[in-house]
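A.B. asks: okay, here's the prediction I keep looking at, along with the sequence it came from:
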Amino acid sequence: MTAALRAIRFSVLDRSRVRLDQPHPEALRETVEFARLAEEWGYHRFWVSEHHSVPGVAGSAPTVLAAAIAAATSRIRVGTGGVMLPNHQPLIVAEQFGVLESLYPGRIDMGLGRSVGFTGGVRRALGHDRRDAEDFDAQLSELLAYFAGGRQGVHAWPAEGLRVPAFLLVTGSGAARAARFGLPLVIAPVSGADAMVEAIERYRTGFRPGPGGDEPYVVLSGSVVIADTTEQAHRLLLPEAWSAAWSRTRGEFPPLTPPELIEREPMTDRERELFQEALRGHIHGTESEVLADLDRLVRRTGADEFLVHTSTYDRIARLESHRRLADAVGLRADAEGRRASA
């Protein structure tokens with residue numbers, strides 16, 4: 001393993017993806033068990049996400065799920081990737097994270113995003129629309145103020161005075177906001193690696209010390225799949241890629257489908273195009289192939305951390321991939337060493 005990979009942290013983002021014919025509650029229970037294993041394997045953080053009215057995603061209330069995960073673990077940091085701030089009042093978000101930090105001190109992260117509901121119907125049900133995302137700077141300032149000392153006579157106890165690290169989940173244009181607020185940046189190559197690298201450079205150039213510290217901090221987010229062969233790893237990517245193509249043509253993410261069903265699926269030309277597009281850009285293969293790709297990406301971006309968000313239909317293969325990654329980058333050996341010296 002290279003020095004570049006040895007120097008960074010590895011963490012996990014789980015969206016509580018639902019498999020075909022699987023009940024949503026079961027997917028949530030699997031997320032809690034996954035977090036327990038991620039801690040055992042030595043990962044630094046375990047984050048959960050916020051999605052509403054999505055057939056293929058059970059994770060709709062991230063702070064509630066984070067509480068269950070924190071209760072089931074003892075060392076790993078727990079947080080959100082993220083709470084979509086335009087969907088909520090900043091006071092309520094501050095209070096929720098204040099409670100989490102009070103119950104599990106020193107282990108809670110507050111990952112924040114700017115998205116609103118996926119469809120018009122969801123946005124109406126949430127009581128928000130796309131215009132709410134335009135006020136994100138004001139919402140973020142209000143939220144951070146509640147931790148610092150209240151705002152206009154309102155106090156978000158027990159959050160006030162507590163240190164809950166805030167992270168911004170962004171696409172390219174949001175990097176300047178993270179720099180302006182002095183917060184860690186969480187970014188994925190949504191528009192390609194070149195655009196992501198440019199956004200990271202803008203973030204570092206424009207960074208001003210703030211609540212997140214005196215120095216910029218970059219978390220790369222992406223999928224990593226390890227299997228015995230490159231072909232097996234590629235096949236594990238099919239369920240999520242088909243789900244992404246489905247969402248682009250039908251407006252919702254479906255439950256994850258077995259690869260053998262996807263391979264027999266009669267796709268339109270547009271679906272085939274989106275499906276192939278969704279298969280690009282993922283780090284996958286054997287340990288040696290994955291480590292080489294990770295090393296190139298980390299050295300190119302200078303990232304401080306990698307947040308793995310892999311999903312596939314085969315739950316056992318997914319867990320095994322994360323375990324093998326932890327072994328390949330030395331996380332398990334480090335975790336076992338810390339436990340032995342404790």
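C.D. replies: That came through fine. Numbering: from 1, shown residues only.
A.B. asks: could you list the low-confidence segments of the stretch 51-200 of the chain?
C.D. replies: Low-confidence regions of the stretch 51-200 of the chain, defined here as pLDDT under 70, cover residues 117-120, 127-130, 132-133, 172.
A.B. asks: which stretches of it form strands?
C.D. replies: Using DSSP state E, counting those that start in this stretch, the strands found in the stretch 51-200 of the chain span residues 77-80, 83-84, 108-113, 166-170, 185-187.
A.B. asks: so residue 275 sits right up against residue 241, yeah?
C.D. replies: Yes. Using CB atoms under 8 Å, residue 275 and residue 241 qualify as a contacting pair, with a distance of 5.6 Å. In short, each C-beta sits where N, CA and C put it, glycine included.
A.B. asks: and the longest helix for the protein?
C.D. replies: As assigned by DSSP state H, the longest helix anywhere in the chain is helix 24-41.
A.B. asks: what residues of the following helix or strand past that helix count as buried?
C.D. replies: Using DSSP states H and E, the helix or strand that directly follows helix 24-41 along the chain is strand 45-48. By neighbour count, and taking 16 or more other CB atoms under 10 Å as the criterion, the buried residues in strand 45-48 are 45, 46, 47, 48.
A.B. asks: again, but for stretch 238-251
C.D. replies: The neighbour-count criterion (16+ other CB under 10 Å) identifies 238, 239, 240, 241, 242, 243, 245, 246, 247, 248 as the buried residues of stretch 238-251.
A.B. asks: export the residues you listed to TSV and tack on pLDDT and secondary structure?
C.D. replies: TSV is the format used below for the buried residues of stretch 238-251 (pLDDT from 0 to 100; DSSP: H, G, I helix; E, B strand; the rest coil):
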residue	pLDDT	secondary structure
238	97	helix
239	97	helix
240	96	helix
241	96	helix
242	95	helix
243	95	helix
245	93	helix
246	92	helix
247	89	helix
248	87	helix
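A.B. asks: any chance of those residues in JSON lines, plus distance to residue 293?
C.D. replies: As requested, the buried residues of stretch 238-251 are arranged in JSON lines below (distance: CB to CB, whole Å):
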{"residue": "238", "distance to residue 293": "19"}
{"residue": "239", "distance to residue 293": "21"}
{"residue": "240", "distance to residue 293": "18"}
{"residue": "241", "distance to residue 293": "18"}
{"residue": "242", "distance to residue 293": "23"}
{"residue": "243", "distance to residue 293": "23"}
{"residue": "245", "distance to residue 293": "23"}
{"residue": "246", "distance to residue 293": "27"}
{"residue": "247", "distance to residue 293": "26"}
{"residue": "248", "distance to residue 293": "26"}
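A.B. asks: and those residues, which is closest to residue 90?
C.D. replies: Set against residue 90, the nearest of these by CB to CB is residue 247 (29.0 Å).
A.B. asks: any idea how far the closest one is from residue 56?
C.D. replies: Look at residue 247 and residue 56: by CB to CB, to the nearest Å, they are 9 Å apart.
A.B. asks: what is in contact with these two at once?
C.D. replies: Taking CB atoms under 8 Å, 6 or more residues apart in numbering as the contact criterion, the residues that touch both residue 247 and residue 56 are 253, 254.
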